[in-house]
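J.: Give the three-dimensional model of this entry:
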Amino acid sequence: MVLLLVGSAMGPALATPRTDVTITAVVVIAMETGTFTTTGGVLCPSGTFTQDFVNPGGRCRSGTGHFVIRTNFVCDGGSSGFTAQLAASVILGTSSTANWVIISGFGEFANLHGAGKLTGVNVAGTVTDTHSGAVHLD
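T.: Numbering: from 1, shown residues only. Have a look, this model is predicted:
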C-alpha cells in the first residue's frame with residue numbers, strides 16, 4: 001500500500017490551463033529584428049526577437065507573398081524565451097496574416113505550447129504584428 005501511494009505521488013505533473021495571450025511585436029523589416037510586449041500573464045512581459053525565413057516563398061502576380069517564418073522571442077534578461085513558426089500571407093507593403101504555433105522554448109518556457117493567429121500592419125518599413133492565441137505550460 002505504501003508503494004502505491006508513493007508511485008501515485010510521483011506521477012506526471014498536470015499542464016497549466018490554456019490562457020489567452022497577445023504578443024505585440026514591432027518588426028524593423030530591413031533587419032528582421034525588433035521588440036515585443038505581451039498580455040495574459042503567462043509569458044514574459046517584454047523582450048527582443050529575430051526572424052528567420054524558413055521558406056521565403058514567392059511573389060504572386062497579385063502582390064501577395066507566402067512565407068514560413070520562425071520568430072525567436074527572447075525575454076528581457078535573456079534567461080528564457082520561445083520560438084514560434086508562422087505560415088504567413090503578406091500583401092507586400094501593407095499588411096499580413098498568419099497562423100502561428102510555438103515550436104520550442106528554453107528556460108522557464110522549455111515546456112511551452114500554444115498557437116493562434118497573427119495580423120500585421122506595415123507603415124514605412126516597420127510592421128506591427130499582433131499575435132492572438134492561447135498558450136499553456138506542461
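
J.: CA only for contacts and neighbour counts going forward, please
T.: Noted.

J.: In the chain, where is pLDDT below threshold?
T.: Applying pLDDT under 70 to the chain picks out residues 1-14, 56-61.

J.: got the residue ranges for the strands in it?
T.: Here the chain has its strands, by DSSP state E, at 19-28, 33-39, 46-55, 64-75, 81-91, 95-106, 112-123, 126-137.

J.: could you dump those to TSV with mean neighbour count?
T.: Putting these into TSV (neighbours: other C-alpha atoms under 10 Å) gives the following:
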stretch	mean neighbour count
strand 19-28	20
strand 33-39	18
strand 46-55	17
strand 64-75	20
strand 81-91	21
strand 95-106	19
strand 112-123	19
strand 126-137	20
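
J.: Could you give the bridge partners of the residue most central in space within the chain?
T.: Taking C-alpha atoms, centre = their mean, the centroid of the chain lies closest to Ala84, which sits 3.8 Å from it. Beta-bridge pairing of Ala84 under DSSP bridges involves Thr71, Ile102.

J.: Disregarding residues adjacent in the polypeptide, which is nearest to Ala87?
T.: Distance criterion C-alpha to C-alpha, 6 or more residues apart in numbering; nearest residue to Ala87, sequence neighbours excluded, is Val68 at 4.7 Å.

J.: pretty sure that neighbour contacts Ala84?
T.: No. Taking contacts as C-alpha atoms under 8 Å, Val68 lies outside contact range of Ala84: 10.5 Å.

J.: So Gly47 sits against Val74, correct?
T.: Yes. Contact criterion C-alpha under 8 Å: Gly47 and Val74 qualify, at 5.6 Å.

J.: what sits against the closest residue to Asn122 other than its chain neighbours?
T.: Leaving out its chain neighbours, the residue that sits closest to Asn122 by C-alpha to C-alpha, 6+ apart is Thr94, at 4.9 Å. The contact partners of Thr94, taken as C-alpha atoms under 8 Å, 6 or more residues apart in numbering, are 121-123.
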